[in-house]
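>>> Sharing a model prediction with you, sequence too.
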Amino acid sequence: QVQLAESGGGLVQAGGSLRLSCAVSIRLFSTYAMGWFRHAPGKEREFVAGISGSASSTLYADSVKGRFTISRDNAKNTVFLQMNTLKPDDTAVYYCAAGFRLADNLQPYIHWGQGTQVTVSS
């Protein structure tokens, strides 16, 4: 059974940092692209960052470029999202997802975690 479990969310002041982790229970983890998405109240779920199976390619939403970094450890079936210089607009539930290809939209991502709350205070 496929399972994705996010951790690392919390409350942080603007300008601070958080590191999210997503532990993935799935066969052939390294063949899956991984993505981070977020969902804020009143907004649609949006793409944040993605990484290819081999970690050779990454994608970022314009709103997080230069502040967030996605990485993965295929030996530990884990993907990370380092978030620096956080802003109140980054407040959302953050989800990790596994997909067949790297993309900045929801369509290729077929397995999802339950999410972790990130709250950035001003």
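Thanks, I have it. Numbers count the residues shown, from 1 in each chain.

>>> All the strands of the chain, residue numbers only.
Applying DSSP state E to the chain gives strands spanning 3-7, 10-13, 18-25, 33-39, 46-51, 58-60, 68-73, 78-83, 92-99, 109-112, 116-121.

>>> and Gln117, how many residues sit next to it?
12 (other C-beta atoms under 10 Å). C-beta here means a position set from N, CA and C on the backbone, and glycine is covered the same way.

>>> before we move on, back to that, okay if I get the strands of the chain as TSV plus mean pLDDT?
Formatted as TSV, the strands of the chain follow (pLDDT from 0 to 100):
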stretch	mean pLDDT
strand 3-7	98
strand 10-13	98
strand 18-25	98
strand 33-39	98
strand 46-51	98
strand 58-60	98
strand 68-73	98
strand 78-83	98
strand 92-99	98
strand 109-112	98
strand 116-121	98
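
>>> Grab the nearest non-local neighbour of the residue nearest the centre of the chain.
The C-alpha lying nearest the average C-alpha coordinate of the chain belongs to Trp36 (C-alpha atoms, centre = their mean; 2.3 Å). Closest residue in space to Trp36, ignoring its immediate chain neighbours: Val48 at 4.4 Å, by C-beta to C-beta, 6 or more residues apart in numbering.

>>> on that earlier part again, the residue nearest to the centre of the chain against Gly50, yeah?
Yes. Between Trp36 and Gly50 there is a contact under C-beta atoms under 8 Å: 7.3 Å.
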